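Q: quick one, structure for this:
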Amino acid sequence: MQKIILTFGFAFVASLASAKEIQATVIFENLSNKEFTSGTLTILELNKKIKVKQQEEFTITLPEKGKYRFVFIAEGFNIKTSYPSRMTQRNNTIIIHLMEKPETNIEEFFSLSIASSMNLTDEQIEERIHRGTLNFIIPGFDNTIPEEYVELKEKYGVGLFKENCAIDPFLYKKVIENNQMISNYLNKKYGTQWLSELKSKPLGIK
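A: Residues are numbered from 1 along each chain as shown. Model prediction:
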């Protein structure tokens, strides 16, 4: 009899947990001429990463309704992720927009992105993280992204821009200002653990 009661109790608790869960649908919109092969969807509040191998609709399970932040990363694309401010049983669709990633140089990058990132509020920084447009800058002789920066993007939503060119003194100063602004935000929100995970530090960050 006691075994039956315990079994019923576990089943009841499980059913309550299941009733609270949200089944969210993930949809892709490929607005580029490029074929999607793989990417990673990160749910920041759950510290959960989902590897995606194909551009097809799929579902994910969230423990309950509420506010979540989703970051999607795929090499070779600019990405915008759209989703409700609060996930519920009715508002449960995540749309991942894949866009062309234009070839650019450091000067163009500043005019399009970094120059507008100076003196951002925390809310504006988080908005740029959602859009996938917040980046540390490291000049280099190739365009490969170190693995620790790929993981940084997945964990915290901050990417890396690496350019094979010399930076003039004015742009060098702007690079440092940009990197310090992002560093201050990450330190305030997550502590300094993120920095210890980087073998090569962004310019101006020790």
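
Q: mind jotting down where the helices sit in the chain?
A: Taking DSSP state H as the test, the helices found in the chain are 2-20, 106-112, 122-131, 147-156, 169-190, 193-196.

Q: and the longest one, what does it pack against?
A: Secondary-structure packing of helix 169-190 (3 or more C-beta pairs under 8 Å, 6 or more residues apart in numbering; DSSP states H and E): helix 106-112, helix 122-131, strand 135-139, helix 193-196. Every residue, glycine included, has its C-beta placed from N, CA and C.

Q: and that helix, what's buried?
A: 171, 174-175, 178-179, 181-183, 185-186 (16 or more other C-beta atoms under 10 Å).

Q: point to the helix or strand of this structure where mean pLDDT is at its lowest.
A: Here the helix or strand of the chain ranked lowest by mean pLDDT, DSSP states H and E is helix 106-112, holding a mean of 51.

Q: which residue, other than its chain neighbours, is closest to residue 134?
A: Spatial nearest neighbour of residue 134, excluding adjacent residues (C-beta to C-beta, 6 or more residues apart in numbering): residue 128 at 4.2 Å.

Q: one more: residue 62?
A: Closest residue in space to residue 62, ignoring its immediate chain neighbours: residue 22 at 4.2 Å, by C-beta to C-beta, 6+ apart.

Q: what pLDDT does the one you found get?
A: For residue 22, the pLDDT comes out at 95.

Q: isn't it right up against residue 67?
A: No - under the criterion of C-beta atoms under 8 Å, residue 22 makes no contact with residue 67, lying 11.8 Å away.

Q: so what sits against both of these two?
A: Residues touching both residue 22 and residue 67 (C-beta atoms under 8 Å, 6 or more residues apart in numbering): residue 87.

Q: tell me which of those two has more neighbours.
A: More crowded of residue 22 and residue 67, by other C-beta atoms under 10 Å: residue 22, with 19 against 9.
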